[in-house]
Each structure stands twice: as structure tokens, then as C-alpha cells.
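In: next come a sequence and a model predicted from it.
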Amino acid sequence: MRYDAVILAGGKICDELRAAALYDNEAFIKIAGQPMILYVYRALRQSDYINRIVISGPGHELQKIMPEDEKLYFAAGGENAIESLANAVYLLRNNSISGSILVMPTDIPFITRTAIDDFIEQTERMEGEFFYALTSKEVNDKKFPGVSRTYVQLKDGIFTGGNLFLMRSDIMDKALDMAVQLVMRRKNPLAMGRLFGFRLVCNYLLKKLSIDMVEKRFYEVMNIKGKGVISEYAEVGVDVDKISDLELAKEYLGNQIF
């Protein structure tokens, strides 16, 4: 099965990172001479699972730095991530949407074809409609020692929210808002808990919260069968949203040859 993919490239960056990187939009931040978004695009295009790619953001500027690709489309960036994702989905829908859409932000230059393929292959073995990537602290620390992430202590282990989402097309309208809410809250465990209710917050604070409990509550709230997908690839969970991340990316990706 092949999937369409959306890269959310409309976001602003924090003042500290903007001052160091000299760009207002993280998609254009240079890492080893390459705009950050190119790392994400290349990883997607290398995957045999990916068909069309839509980049939601400042299309005119993005087209100047992206390669020619007949299956690459540009959608307008919205006032927020919800609008940006919706614009991309509507563009695909107007051009015959495929069975599912893979969604990711532009600030994950570490992402690889292998990590993307593994995530997709796991979802194909699961019963669900909405899939959300997770990576463990152990996996992240092994691959990127000392990297600073926000983690959640669950009964299943210590995890951080990943940066890959997959939505089945038949629940797209219901899943749109939830996908963006998860993106916005992925670094704030309590905010994530409040999204699903007081009971989950209490269980989290008491260290009794499990992935299965979150999935069940997700269904109760959204009537969507959501599944957490645990990835063994730290590249899924590490993004670039502060200066230390940018320095890590420059060091790690500096020797790549394209």
C-alpha cells in the first residue's frame, strides 16, 4: 500500500533559535548548507511507501529550494497548524486522496527512510484509524546521548511523543483537530492529559497511566481507534526546536553526502 504524506512547514520558531539561525521559518534553517526541510523531504521520497508529498507552508519561497518532483505539491500555510494540515488534506482530497495520510513536521532533519518505513509497517499490523509515534528515553539516550526531551513516565516505560502521525482517510475530518492538538501538546504531559480528561491526569500523576488506558480514553473522547506506535528509531522523537538541537543536527548531519 502507498501513502500520501504531509510536511507541516508553516510554523514560526522561538526568538532564541531565530536569532541564531537567521530565519523566521524553521523549514529554511540551514544545516550543513541544506535547508532543514530537504532532509525530511528526501527521507520521505526514498520510501517506497510514499506516493504524493504535500508541503504546507509559504509555497512561493519553498518552491525555490525544493527539487522538481511531479508528485510534490504545495498548500498554503494557515494561521496555525490546524489550518495548515487542513489545507494540505483538502488539496489531496480534491486530487483523489489515497487510503491514509502520513503527517510530520519540518523540524525533524534526523528522520530516515528506515524509521518512516518501520512506523508504516507497524501501523499495517495494527487495528486502528489514527496512529501516533512514541520513542523511549532509553532509545533516544543511546542514539543521541545527552539530548534534552520531555518525557512521560508510564507503566509501560518512559516515553516522549514522536513526530509521525498516520490517519486513515475515512476518519480524516474527525482526526484533523486531534492530530494538531497532539502536535501542540506533545512536549507537555499535563496538557496532553487534560486533552483526555481529569482521570488520565490523576493516573499520570500517580504513575499508573498506561498506553492502553490512553488508547481507550482516546476512543471514548473521539470515537476514533487510536494506537500508540513505539518506534525503536530515535530519529522519530528528536526534533530541532532550540539552539542545542540545532548544534546537534549540524554535528550529526554535517558529514552526510547527497
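Out: Nice, I can see it.

In: now the strand ranked longest in the chain: mean pLDDT?
Out: Scanning the chain for the strand with the most residues, using DSSP state E, yields strand 157-168. Average pLDDT, strand 157-168: 90.

In: next one: stretch 25-39
Out: Average pLDDT, stretch 25-39: 90.

In: what's the first-to-last distance across it?
Out: 15 Å (Cα to Cα, to the nearest Å).

In: circling back: helices or strands up against the longest strand of the chain?
Out: strand 100-105, helix 113-124, strand 130-136, helix 137-143, strand 152-154, helix 172-185, strand 226-231 (3 or more Cβ pairs under 8 Å, 6 or more residues apart in numbering; DSSP states H and E). In this view, the C-beta of every residue, glycine as well, is placed from N, C-alpha and C.

In: can you lay out those as TSV showing mean neighbour count, distance to Lys216 and mean pLDDT?
Out: TSV is the format used below for the helices and strands packed on strand 157-168 (neighbours: other Cβ atoms under 10 Å; distance: least, Cβ to Cβ, whole Å; pLDDT from 0 to 100):
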stretch	mean neighbour count	distance to Lys216	mean pLDDT
strand 100-105	25	22	92
helix 113-124	19	19	97
strand 130-136	24	14	94
helix 137-143	17	24	94
strand 152-154	19	14	85
helix 172-185	18	15	65
strand 226-231	21	9	95
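
In: quick one: closest of these to Val240.
Out: strand 100-105 (9.7 Å; Cβ to Cβ).

In: what comes into contact with the closest one?
Out: 1, 3-9, 11, 40, 44, 50, 85, 89, 92, 111, 116, 119-120, 163-169, 172, 179, 183, 239 (Cβ atoms under 8 Å, 6 or more residues apart in numbering).

In: note down every partner strand of that strand and its orientation.
Out: strand 3-8 (parallel), strand 157-168 (antiparallel) (DSSP bridges).

In: centre of the chain to that strand, how far?
Out: 7 Å (Cα atoms, centre = their mean, to the nearest Å).

In: may I have stretch 116-135 as PDB, with CA atoms only?
Out: Taking C-alpha atoms only, stretch 116-135 is exported to PDB below (Å, rounded to 0.1, in the frame of the first residue of the first chain):
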ATOM      1  CA  ILE A 116       9.500   6.000   8.300                       C
ATOM      2  CA  ASP A 117       9.100   2.500   6.800                       C
ATOM      3  CA  ASP A 118       9.200   0.900  10.200                       C
ATOM      4  CA  PHE A 119       6.400   3.200  11.500                       C
ATOM      5  CA  ILE A 120       4.200   2.500   8.500                       C
ATOM      6  CA  GLU A 121       4.900  -1.300   8.700                       C
ATOM      7  CA  GLN A 122       3.900  -1.300  12.300                       C
ATOM      8  CA  THR A 123       0.600   0.500  11.600                       C
ATOM      9  CA  GLU A 124      -0.200  -2.000   8.900                       C
ATOM     10  CA  ARG A 125      -0.100  -4.800  11.500                       C
ATOM     11  CA  MET A 126      -2.400  -2.900  13.900                       C
ATOM     12  CA  GLU A 127      -6.100  -2.400  14.100                       C
ATOM     13  CA  GLY A 128      -6.600   1.300  14.200                       C
ATOM     14  CA  GLU A 129      -7.600   4.500  12.500                       C
ATOM     15  CA  PHE A 130      -5.200   7.000  14.000                       C
ATOM     16  CA  PHE A 131      -1.500   6.200  14.800                       C
ATOM     17  CA  TYR A 132       0.900   8.200  16.900                       C
ATOM     18  CA  ALA A 133       4.600   7.500  17.200                       C
ATOM     19  CA  LEU A 134       6.400   7.200  20.600                       C
ATOM     20  CA  THR A 135      10.000   6.700  21.400                       C
END
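
In: how far out from the middle of the chain is it?
Out: 13 Å.

In: likewise for stretch 41-54?
Out: Put simply, stretch 41-54 sits 14 Å off its chain's centre (Cα atoms, centre = their mean).

In: who touches it?
Out: Residues contacting stretch 41-54 (Cβ under 8 Å, 6+ apart): 1-7, 55, 66-67, 69, 71-75, 88, 91-92, 95, 98, 102, 111-113, 115-117, 120, 258.

In: sweet, I'm off.
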